[in-house]
Each structure stands twice: as structure tokens, then as C-alpha cells.
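[1] predicted structure and sequence below. I'll ask about it afterward.
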Amino acid sequence: QEYAHSTWKLRVPSAVATNCLETEVLHILQEAAPNADFKVLPIPVWGVFVPALNALLGEAQRRGSQYILYQSLEVQCKPAALRKLLHHFTPDTLVVGPTLPGHRFKAGERPLDGR
């Protein structure tokens, strides 16, 4: 429910990937933030994290989104933080984001490894 509230405050469409209970997840999201735009994507085989990320990317493409914000349910993104992230985008930027606990930051190009 906290995720639903924080996402609704961002005023952006939201897609949630889950490997089960899609109807229940959508009900919880809609109950917590009735006016938010949520889409629940079923991911039957979760694997590591690639299938979920690909499904979310496909939903963003379907909606014609200019940006995509990947966010764990445990993370709350405030509108000011989103504005700051978007401020760092240039035509040559692929990814911007904060360094979270457990992540290894290294400036410049690097392989995408989830950490």
C-alpha cells in the first residue's frame, strides 16, 4: 500500500511485475490509490530479474513512455527525487539512479550486472 501511495504521488503510470496473485496485487494497489494508473504484469518464470525487467520495458514501450523508473516495492521515490533524477538525463544518457545499499558505484561505462 505504501508503494501505491508513493507511486500515485509521482503522477506517472505504473506497472508492477509479479510471479503470482496478479488479481490480488492489482486489488491492493487500486484500493490504496484508486485514481492511480496501475498495470500488473504476470511473470510466470521469475528467474533472476531479467524477465521482469523485460516485461516492464515492454509495457513502457506499449504506453509510449519516454522514461522508465525501475523501483523495488521497498523503495519510496518522492517527487523531488524523481525530478532530480530526470534532471541528469541528456540525449546521450541511458541510465541514471542513486546508489543504494548493496550497490557498487563506479562512474562511467560498465556492464549491467544488477549491482
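    Noted; the coordinates are in hand.
[2] state the distance from residue 95 to residue 108.
    12 Å (Cβ to Cβ, to the nearest Å). Backbone N, C-alpha and C define where each C-beta goes, glycine included.
[3] who has more neighbours, the two?
    Using other Cβ atoms under 10 Å as the criterion, residue 95 and residue 108 rank with residue 95 on top: 9 against 4.
[4] quick one, grab the pLDDT at that one.
    Note for residue 95: predicted pLDDT of 79.
[5] would you verify that it is located in a strand?
    No: going by DSSP: H, G, I helix; E, B strand; the rest coil, the assignment for residue 95 is coil, not a strand.
[6] distance of the nearest residue to residue 11 once chain neighbours are set aside from residue 9?
    Excluding the flanking residues, the one nearest residue 11 by Cβ to Cβ, 6 or more residues apart in numbering is residue 79, at 7.7 Å. According to Cβ to Cβ, residue 79 and residue 9 sit 6 Å apart.
[7] straight-line length of stretch 83-98, end to end?
    Counting by Cα to Cα, to the nearest Å, you get 13 Å between the two ends of stretch 83-98.
[8] which residues of the protein score low on pLDDT?
    Regions of the chain meeting the criterion pLDDT under 70 cover residues 110, 112-115.
[9] ok, now with 80
    Segments of the chain classed as low confidence (criterion: pLDDT under 80) are 46-49, 72-75, 94-95, 97-115.
[10] which stretches in it count as helices?
    Applying DSSP state H to the chain gives helices spanning 2-10, 22-32, 50-63, 79-87.
[11] contact partners for the residue positioned nearest the centre of the chain?
    Central residue of the chain (Cα atoms, centre = their mean): residue 70, 2.7 Å from the mean position. Residues counted as contacts of residue 70 (Cβ atoms under 8 Å, 6 or more residues apart in numbering) are 53, 56.
[12] right, I'll call it a day here.
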